[in-house]
Each structure stands twice: as C-alpha cells, then as structure tokens.
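1. Generate coordinates for the sequence data below:
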Amino acid sequence: ISVAPLMPYSWFHRLDQGGGALFNGFTHALARLLRITGGQVQSVAGQTRRLIERAPVGPRIHDFRDAFGPGIDPEQAERGEWREVDADSGYTAMLELQLPGGQIASALFQGSVFAKSLWPEHVAIYGSKGTLHLNRPDESIQYFNPESDTWTEMAIPQAVLASVPQVESRVQRDWNHLFQEFVADVRGEGYAGYPTFRDGWIANEVIEIIRSGQGWQSVPMLPAISV
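-> The predicted structure follows:
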C-alpha cells in the first residue's frame with residue numbers, strides 16, 4: 001500500500017486501533033503466500049520502521065480508500081494540530097515455511113506505505129522450473145522459463161475471472177467475494193477458503209515476532225480447541 005505523506009491522522013497511525021503497515025498491508029501479503037503455497041509458517045524474523053513521528057489532524061477518514069489521495073495541503077497542515085504516531089510505516093520480514101510435501105521454503109516481505117517503485121505491489125515465486133511474477137498481484141502473471149531464458153505473459157484463466165463478482169472496483173470485488181463465501185458457508189454450502197479466525201491468529205503471532213525485532217523465533221502452534 002502507498003498512502004499520502006500528509007494523510008490526516010486516523011486509526012491507521014495508532015497501534016491500539018489496528019493501524020500500521022503490518023496490520024494492514026502485510027496481512028494481505030501473508031494470506032496470499034499461504035493460499036498460493038498451502039504452507040505453514042515455522043519461524044519468523046524481521047523488523048519494523050516508523051517513518052513518521054506525527055501526523056496532521058484533518059477531516060476524519062471514513063472510507064480508507066480516501067487515504068490514497070493527495071492528503072492535507074502542506075501549508076494548511078503546518079498551521080493546524082498534529083498528533084503523535086506510534087504505528088509502523090515500513091517493515092522487512094523473513095519467513096520459513098513448511099510446504100505440504102514437507103519441503104522448507106523461505107519468503108521475504110518488504111513494505112513501505114510511502115514508497116514508490118517500478119513494481120509497487122507484486123509477488124515473485126522462485127522454483128526449480130522457473131519464476132512466476134504476479135503483478136499487483138491479480139492484474140497479470142508472467143512466467144520465466146530458465147531453459148529459454150525468456151519471460152512469457154500468462155493469461156488468467158477465464159474460469160477464475162468468472163468466479164469472482166463482476167464489479168469495476170478491484171477492492172469492492174474482493175470484499176463482495178469474501179462476503180459471498182462467508183454467507184455460503186453459514187448456509188451450509190461449504191467452506192471455500194475465505195480467511196478465518198485461525199488465519200488471523202497466525203498473522204498476529206507472526207506480526208508480534210516481527211515487531212519485537214529479536215531475530216528468528218518459532219511461531220507457536222495453535223492451541224487445541226475442545227468441543
């Protein structure tokens with residue numbers, strides 16, 4: 001994610017309200033990784049960065065998509081009230097995963113809410129038969145063939161495109177898809193893979209280790225639930 005440097009002060013700037021880059025951007029990246037690989041997180045290391053120490057107070061942000069706009073005018077911000085920020089705005093994390101076949105794979109995550117790059121949001125998967133590069137990560141997929149030393153764009157299967165709600169906004173499409181899967185599950189039509197409380201628990205355990213900055217640590221196993 002990339003937000004305006006002078007985004008009005010909001011919950012995003014406060015850890016106690018679920019703010020920061022880890023709680024917002026990283027959780028999505030982690031969910032993608034686990035969904036694509038089917039792996040289980042074994043251990044984690046990382047660190048966070050707080051790139052701003054305070055933020056200007058401005059109009060309240062109700063729709064978080066407004067945070068990606070131009071932000072408060074610098075001259076107006078300078079004359080107004082500012083509040084302290086304790087949430088992280090950037091992070092680096094490394095994970096060790098156990099794949100379904102028992103192999104161990106490593107993953108690197110990097111994020112900054114103020115950074116711009118040639119590939120602002122992507123997932124790269126490196127394997128013995130080449131590389132898959134997912135841009136944004138659902139706009140296009142490219143495959144690198146090590147034998148021919150070439151990149152080829154791969155079409156997203158029409159069956160996949162047809163399976164998601166047909167709305168213009170990518171963000172709204174994903175929310176609609178989540179609600180559809182959740183409601184279907186509640187109705188007894190079966191679980192289709194939407195994020196669960198267990199996924200949230202794992203993400204929080206991983207985030208706490210990253211935020212501690214104390215090097216490699218094992219991720220605790222989920223306690224057994226008695227029925």
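2. going forward, measure contacts and count neighbours with C-alpha atoms only.
-> Will do.
3. so who does Val123 touch?
-> The contact partners of Val123, by C-alpha atoms under 8 Å, 6 or more residues apart in numbering, come to His133, Leu134, Asn135, Arg136, Pro137.
4. mind running it again at 10 Å?
-> Val123 is in contact with Ala29, Arg32, Leu33, Phe109, Leu132, His133, Leu134, Asn135, Arg136, Pro137, Asp138, Ile141, counting by C-alpha atoms under 10 Å, 6 or more residues apart in numbering.
5. In the beta-sheet assignment, what are the partners of it?
-> Leu134 (DSSP bridges).
6. Check what pLDDT it gets.
-> Looking at Val123, its pLDDT stands at 89.
7. Low-confidence ranges, the protein, go.
-> Applying pLDDT under 70 to the chain picks out residues 1-2, 119-120, 137-138, 222-227.
8. Quick check, central residue of this structure?
-> The centroid of the chain falls nearest to His28 when counting by C-alpha atoms, centre = their mean (2.6 Å).
9. For stretch 68-76, which outside residues touch it?
-> 1-8, 56-59, 77-78, 80, 113.
10. Swap in 8 Å and give it another go.
-> Ser2, Val3, Ala4, Pro5, Leu6, Met7, Pro8, Pro56, Gly58.
11. Count the neighbours of the third one for me.
-> When you say that, I think you mean Ala4. For Ala4, the tally of surrounding residues (other C-alpha atoms under 10 Å) stands at 15.
12. Name the nearest residue to it, ignoring sequence neighbours.
-> Spatially, and ignoring its direct neighbours in sequence, Ala4 is nearest to Gly71 (5.3 Å; C-alpha to C-alpha, 6 or more residues apart in numbering).
13. how far away is the one you found from Asp63?
-> 14 Å (C-alpha to C-alpha, to the nearest Å).
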